[in-house]
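> The sequence and its predicted three-dimensional model are supplied below.
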Amino acid sequence: MSRWEELTGGASGQDYAARFTALARGGKGVHGEARFCAALVPAGARVLDAGCGTGRVMIRLVELGYDCVGVDLDASMLAVAQQQAPELPWFQADLAAFDPGLLGIATDFDLVVAAGNVFPLLAPGTEATVVGRLAAALRPGGLMVAGFGLDEAHLPVPPGITLQEYDDVCAAAGLTLVDRFATWDADPYDGGGYAVSVHRR
């Protein structure tokens, strides 16, 4: 079982969506991840939103002109995504068993994005498998972007993976670190408790 399932019971989609709706109504920016991705690849690029949740990032990327596919394990989160954008391709799948071919998805993505603490919330011990499967979905030269917390102040669960461990599993999957930031606004990484990492296949 993933840490996310242990944390939420797989029934938190509506609550999660409501939190971001409230932030947006309060004037908070909620599209930093999409803006970050849009700075990396041109409009029209194929993007895989791995751990897409309620679809907040992917829906915004589609609005910006990207060709997107969303994958998530949590049916309650996907239900919100499908309700908000029923015309978009949403798939329920465990990232540790993600097989684009079985889902009828082409494996030539220009960018894979894993936002929302995807990696610390995986089932323990599956991180390398997930990175390998996501890397395999990228075209040569494609990018993988992951943002996640590294300490208890930035996570709803105890820290599950260090940056060094993440870089190691990326390297094992044939990915090379390109850049690292402290936020989705591309602030320089300062060794703090949150990191956004960009790797290239």
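That came through, no problem. In this text the structure is predicted, and so the values were computed from the model without any measurement.
> pLDDT at the residue nearest in space to the middle of the chain, what is it?
For the chain, A114 is the residue whose C-alpha lies nearest the centre (CA atoms, centre = their mean; 1.6 Å). We note a pLDDT of 98 for A114 in this prediction.
> where does V112 land in three-state SS?
Three-state secondary structure (criterion: DSSP: H, G, I helix; E, B strand; the rest coil) places V112 in strand.
> Next, count neighbours for L155.
If you count neighbours by other CB atoms under 10 Å, L155 ends up with 18. To be clear about C-beta, it is placed using only N, CA and C from the backbone, and glycine gets the same treatment.
> and it, how far is that from P120?
Using CB to CB, to the nearest Å, we find L155 at a distance of 6 Å from P120.
> same question, Q84
From Q84 over to P120 the distance is 25 Å, taken as CB to CB.
> Which one's more surrounded, the two?
Neighbours per residue (other CB under 10 Å) separate Q84 from P120, with P120 holding more: 20 against 15.
> which stretches of this structure form strands?
46-50, 67-72, 90-92, 109-114, 138-149, 176-181, 194-200 (DSSP state E).
> most tightly surrounded among those?
Compared across those, strand 46-50 shows the largest average neighbour count, a mean of 27 (mean count of other CB atoms under 10 Å).
> and that one, what other elements does it pack with?
Under the contact criterion of 3 or more CB pairs under 8 Å, 6 or more residues apart in numbering; DSSP states H and E, strand 46-50 touches helix 56-63, strand 67-72, strand 109-114, helix 127-136.
> Listing partners with orientation, what would you give for the third one?
Using DSSP bridges, the neighbouring strands of strand 109-114 in the sheet come out as strand 46-50 (parallel), strand 138-149 (parallel).
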